[in-house]
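Chemist: The following comprises the amino acid sequence and a computationally predicted model.
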Amino acid sequence: MSDRDWRDHLTSPSVLVEVLRRHGVTLQHRLGQNFLVDGNILGKIVDAARLEPTDGVVEVGAGLGTLTRVLGRRAAWVLAVELDSRLVSVLRETVSDLPAVVVHQGDALTLDWKQVLADARVRAGPGGRVVLMGNLPFYLTSPLLYRWLGEGGDWDTMVVTLQKEAAERLVAPPGGGAYGGLTVLAVVQGEVSLVAKVAPSCFYPRPRVWSAVVRLERHSSVRELGPLRELLRAAFGQRRKMLLNALVAGGLAADREEAARWLQRAGIDPSCRAEQLWPRDFVTLLATKRGAEK
């Protein structure tokens, strides 16, 4: 294939293998390096983002640039973040014909996300959105999502591919083990939906587990996420305890009597557990405590 051809055929396993061989890259399992080789799923990911020519995109784990190339043709600006320096050299070659794409070698967990998102907002066109995207390896999923969802950064839409287990946590209803603080942080800020389940055969090399694509359209932002995170940490930190005991153990109430009064004012049964509350109940609980403190 010509140089132009191979860059547009990275969902072909044979092309992907040849590119890796040509660059002398051996994949590292610890970094979750499993690359998408299914054009249908790639299309669903891109469609879920609903990109406009004015949008600014930040893609984490850009890898060889399979998704990056599509983003670079549809958005005003794309920051492609990749940790592995060996893949960065391939990525720069892959997107060299796309002026909208900027490649950044770095660790997503150590980035100054407020600055990154502010830059994306500036780079987006008038009225454009800031969109977060990426195929997140398991080790990165929870800490990165807590940063995106728990620090109030300036973004509008998130479309990410996660291990199916992690994706189910984001869309879980109350009452089950998958429901937790991350679920609440997502739901109170927007509409979360499961876009597609992704079989291991859609990746090279094949992972041992299924994945899923999740979309979050942010329609509102709880302005003070710090207190909400603190409440969720206490509530779900000891999820087998009754909520009033968890609040005391988490240092948010001086004793059981204070916790019980707080919960009762919010219309919540003090004997319930955190997993029984709907996301809006935590917002109400926080507002009730603030009202009592004034």
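Modeler: Sure thing, it's come through.
Chemist: Tell me where the chain has helices.
Modeler: Listed in chain order, the helices of the chain (DSSP state H) span 3-7, 13-22, 39-49, 66-74, 85-94, 113-123, 138-150, 164-170, 181-187, 225-237, 243-249, 256-265, 279-293.
Chemist: lowest-pLDDT helix or strand in this protein?
Modeler: The helix or strand of the chain with the poorest confidence is helix 3-7; it has a mean of 73 (mean pLDDT, DSSP states H and E).
Chemist: which residues touch the closest residue to Gly125 other than its chain neighbours?
Modeler: Using C-beta to C-beta, 6 or more residues apart in numbering and skipping the chain neighbours, the partner closest in space to Gly125 is Thr54 (3.1 Å). Yep, even glycine has a C-beta here, placed from its N, CA and C like the rest. Contacts were defined as C-beta atoms under 8 Å, 6 or more residues apart in numbering; by that measure Thr54 touches 76, 124-129.
Chemist: In contact with the most centrally placed residue in the chain, which residues?
Modeler: Among the residues of the chain, the one closest to the centroid is Leu145, at 4.5 Å (C-alpha atoms, centre = their mean). Counting by C-beta under 8 Å, 6+ apart, Leu145 touches 136, 160, 170, 182, 186.
Chemist: try 7 Å
Modeler: Contact analysis of Leu145 by C-beta atoms under 7 Å, 6 or more residues apart in numbering lists Leu182.
Chemist: Then Val171?
Modeler: 192, 194, 214.
Chemist: Got a quick PyMOL command for the buried subset of those?
Modeler: This is how PyMOL selects the buried members of the contacts of Val171, with burial counted by 16 or more other C-beta atoms under 10 Å:
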select buried, resi 192+214
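Chemist: now, among the contacts of Val171, which is nearest to Gly175?
Modeler: Taking C-beta to C-beta as the measure, Val192 is the one of the contacts of Val171 closest to Gly175, at 16.7 Å.
Chemist: okay but the closest one is in contact with Ala186, surely?
Modeler: Yes - Val192 is within contact range of Ala186, at 5.0 Å (criterion: C-beta atoms under 7 Å).
Chemist: what touches both of the two?
Modeler: 170, 216.
Chemist: Look up the closest residue to His219, ignoring the ones flanking it.
Modeler: Leaving out its chain neighbours, the residue that sits closest to His219 by C-beta to C-beta, 6+ apart is Gly190, at 5.2 Å.
Chemist: Please report the distance of Gln115 from Gly128.
Modeler: Gln115 is 18 Å from Gly128, where distance means C-beta to C-beta, to the nearest Å.
Chemist: For these two, indicate the residue with more neighbours.
Modeler: Counted by other C-beta atoms under 10 Å, Gln115 and Gly128 do not tie: Gly128 has more neighbours, with 21 against 10.
Chemist: Can you give me the pLDDT of the nearest residue to the more buried one once chain neighbours are set aside?
Modeler: Excluding its sequence neighbours, the residue lying closest to Gly128 (C-beta to C-beta, 6+ apart) is Thr54, at 3.3 Å. Here, the pLDDT recorded for Thr54 equals 97.
Chemist: same deal with Lys294?
Modeler: 53.
Chemist: Over to Arg147?
Modeler: pLDDT for Arg147: 94.
Chemist: Start the count at 51 instead of 1 going forward.
Modeler: Done: numbering now begins at 51, and the last item shifts to Arg197.
Chemist: still on that earlier bit, could you measure the residue nearest to Gly175 against Ile95, distance?
Modeler: For Thr104 relative to Ile95 (C-beta to C-beta), the value is 20 Å.
Chemist: Over to Trp328?
Modeler: 29 Å.
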